[in-house]
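Undergrad: I'd like to go over a predicted model; first the sequence, then the structure.
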Amino acid sequence: MHAIIVSAPGGPEVLEYAERPDPVPGEGEIVVDVAASGVNFIDIYHRSGAYPLDLPTPIGSEGAGTVSAVGPGVREVAVGDTVAWANVLGSYAEKAVVPAERAVPVPDGVPADVAAAAMLQGMTAHYLTHSTHEVREGDEVLVHAGAGGMGQLLVQLAKLKGAKVHTTVSTSEKEKLARQAGADEVLRYDDFAEALRNKIDVVYDGVGKATFEGGLEALRPRGLMALYGAASGPVPPIDPQILNRNGSLFLTRPTLVHYIADREELLRRASDLFGWIRSGQLTVNVSHRYPLAEAHQAHEDLAARRTTGKLLLIP
């Protein structure tokens with residue numbers, strides 16, 4: 001089989017399309033013929049060394065496909081099942097080894113590529129809007145980068161919960177996408193803080209350094225900043241007194257792994273997502289599909305913010 005391997009940290013050029021032995025499942029594992037692999041910023045962090053890994057290693061964290069083999073002790077998954085997963089390293093591959101307890105059944109009516117696109121970002125949007133801050137009817141919500149794959153999902157889920165959603169984008173083209181997702185107000189990055197000062201209940205910020213301070217200014221007293229990513233770079237250390245001065249604000253840096261730590265929670269979040277997709281309440285915008293061998297191009301495009309929606313690699 002072929003997989004994308006990183007042997008040394010660096011830019012997109014270190015992504016190697018290489019032959020690997022076909023995997024054999026171990027205890028509690030399955031092998032999946034991958035239909036699609038999701039491309040995410042965490043993959044860039046793994047590739048660059050921002051999140052260090054033992055090298056060399058296959059990368060990629062999300063995918064979906066058909067089970068082709070099961071290891072000893074596996075009972076909840078069978079050969080021929082369609083499954084999806086997130087946070088499983090080695091997903092940029094023609095065949096992936098997945099712990100059976102992390103594999104989610106994909107129901108009829110949800111294509112495998114859509115399931116792959118929905119897992120990491122969709123469950124992140126789910127926990128942010130349902131657990132980190134449970135969005136309620138009438139909440140004023142700010143979603144940064146509302147035209148991106150993550151942003152579009154957050155906008156839709158916040159609207160399902162009855163919020164008024166404000167979002168930021170960089171171009172008129174991206175503004176159209178954010179409005180199609182349901183955003184009530186679309187702002188540019190240079191003026192959002194002043195326009196929304198002391199108005200917002202919760203900020204969902206995956207941009208990081210470039211938007212963080214403005215997001216704190218936009219929050220009303222006792223509002224919550226959910227910093228879930230750093231596409232523009234990490235936020236520098238801050239004085240906690242800033243949270244005091246801005247109105248007893250809350251700040252959290254959540255990550256998906258802690259919100260799907262047990263299988264029951266994983267299945268509940270995934271089931272909600274697939275249900276909304278099947279009913280038409282949630283649209284997953286897959287904007288670009290790349291051959292697996294062109295993973296380097298997908299990373300370049302994502303890092304340069306040349307894309308909107310979700311990016312997939314197709315073996």
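TA: Yes, it's here. From a predicted model like this one, the values you see are computed outputs, not experimental measurements.
Undergrad: how many neighbouring residues does the closest residue to Gly215 other than its chain neighbours have?
TA: Once flanking residues are discounted, Gly215 sits nearest to Val203: 4.1 Å by Cβ to Cβ, 6 or more residues apart in numbering. All C-beta spots, glycine's among them, are computed from the backbone N, C-alpha and C. Val203 is flanked by 28 other residues according to other Cβ atoms under 10 Å.
Undergrad: residue contacts, Val203?
TA: 141-142, 144, 215-216, 218-219, 223-226 (Cβ atoms under 8 Å, 6 or more residues apart in numbering).
Undergrad: ok, which stretches of the stretch 201-315 of the chain are strands?
TA: 219-227, 250-252, 286-291, 310-314 (DSSP state E, counting those that start in this stretch).
Undergrad: mean neighbour count, those: which tops it?
TA: Compared across these, strand 310-314 shows the largest average neighbour count, a mean of 23 (mean count of other Cβ atoms under 10 Å).
Undergrad: if we can go back for a sec, turn the strands of the stretch 201-315 of the chain into JSON lines, including distance to Gly162 and mean pLDDT.
TA: Output for the strands of the stretch 201-315 of the chain, formatted as JSON lines (distance: least, Cβ to Cβ, whole Å; pLDDT from 0 to 100):
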{"stretch": "strand 219-227", "distance to Gly162": "17", "mean pLDDT": "98"}
{"stretch": "strand 250-252", "distance to Gly162": "21", "mean pLDDT": "98"}
{"stretch": "strand 286-291", "distance to Gly162": "27", "mean pLDDT": "95"}
{"stretch": "strand 310-314", "distance to Gly162": "25", "mean pLDDT": "97"}
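Undergrad: kindly reformat the ones you listed as CSV containing distance to His133.
TA: As requested, the strands of the stretch 201-315 of the chain are exported to CSV (distance: least, Cβ to Cβ, whole Å):
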stretch, distance to His133
strand 219-227, 5
strand 250-252, 9
strand 286-291, 27
strand 310-314, 23
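Undergrad: which one of these lies nearest to Leu53?
TA: Closest to Leu53 of the strands of the stretch 201-315 of the chain is strand 310-314 (Cβ to Cβ; 18.3 Å).
Undergrad: contacts for that closest one, please.
TA: Residues from elsewhere that reach strand 310-314, judged by Cβ under 8 Å, 6+ apart: 4, 35-39, 60, 92, 113, 116-117, 121, 149, 284-292, 294-295, 298, 301-302.
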